[in-house]
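Peer 1: sequence and computational prediction follow.
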Amino acid sequence: MDPVVDHLEALDVEYEIVACDPELADTAAFCQAYGYSPDDSANAILVVGKAEARPMACCLVLASTRLDVNGVVRKRLGTRKASFAAAEETIERSGGMQIGGVTPFGLPSDLPVWVDAAVAERDRIIVGGGSRDRKILCAPASLLAIAGSELVDGLAKRVPPPAPAL
């Protein structure tokens with residue numbers, strides 16, 4: 001049984017599994033090694049509210065952007081502070097997914113999925129595959145087919161380009 005593939009099949013969406021070297025699973029290394037643009041790659045990031053109840057969500061943002069943890073995420077979680085979930089908490093709450101392989105497909109159904117509006121503007125998107133040795137290439141509409149997913153304007157901010165070297 002593979003909960004990620006099972007979920008994709010249940011959604012009846014088109015997708016492609018893309019194998020990758022686990023050492024290259026982190027987004028920047030993956031994009032460089034396999035020729036994907038950061039604008040066509042989405043990071044699935046588990047975020048947690050710093051409160052007793054520890055509310056959590058899975059956020060999908062383009063690799064060329066930065067998640068607005070202290071603004072939009074914190075407010076949506078309803079907490080005074082929020083942060084990326086630690087590696088151990090990510091594994092525990094995602095059903096075993098490691099950072100670098102987190103995907104919105106196959107997550108526990110009580111975990112909301114928030115998709116930055118910029119992700120939906122792409123023709124195709126590559127996201128984690130549930131483990132560090134694969135990714136999933138699909139249409140952004142596939143992400144919004146997930147029960148509990150929601151399109152969120154301003155979830156991420158564009159990362160400014162690096163300053164030219166002198």
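Peer 2: Done, it's in. What you see is a predicted model; the values in this text were computed from it and never measured. Residues are numbered from 1 along each chain as shown.
Peer 1: point out where the protein drops to low pLDDT.
Peer 2: 161-163, 166 (pLDDT under 70).
Peer 1: leaving out chain neighbours, which residue sits closest to the most centrally placed residue in it?
Peer 2: Among the residues of the chain, the one closest to the centroid is Ala44, at 1.1 Å (CA atoms, centre = their mean). Setting aside the residues directly before and after it, Ala44 is nearest to Val102 in space (CB to CB, 6 or more residues apart in numbering), at 4.3 Å. Any C-beta I mention is one placed from the backbone N, CA and C, and that applies to glycine too.
Peer 1: what do you get for Tyr15?
Peer 2: Cys138 (4.3 Å).
Peer 1: burial of that neighbour, as a residue count?
Peer 2: Around Cys138 there are 21 other residues, counting by other CB atoms under 10 Å.
Peer 1: how about the contacts made by it?
Peer 2: If you count contacts by CB atoms under 8 Å, 6 or more residues apart in numbering, Cys138 has them with 8, 13-16, 124-125, 127.
Peer 1: make a markdown table out of those and add secondary structure.
Peer 2: Putting these into a markdown table (DSSP: H, G, I helix; E, B strand; the rest coil) gives the following:
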| residue | secondary structure |
| --- | --- |
| Leu8 | helix |
| Val13 | coil |
| Glu14 | coil |
| Tyr15 | strand |
| Glu16 | strand |
| Arg124 | coil |
| Ile125 | strand |
| Val127 | strand |
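Peer 1: of the residues you listed, just the buried ones, ChimeraX syntax please.
Peer 2: This is the ChimeraX syntax for the buried subset of these, where burial follows 16 or more other CB atoms under 10 Å:
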select :8,13,15,125,127
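Peer 1: what bridges to Ile45?
Peer 2: For Ile45, the beta-bridge assignment (DSSP bridges) gives partners Cys59.
Peer 1: buried residues, stretch 57-70. List them.
Peer 2: Within stretch 57-70, the residues that qualify as buried by neighbour count (16+ other CB under 10 Å) are 57-65, 67-69.
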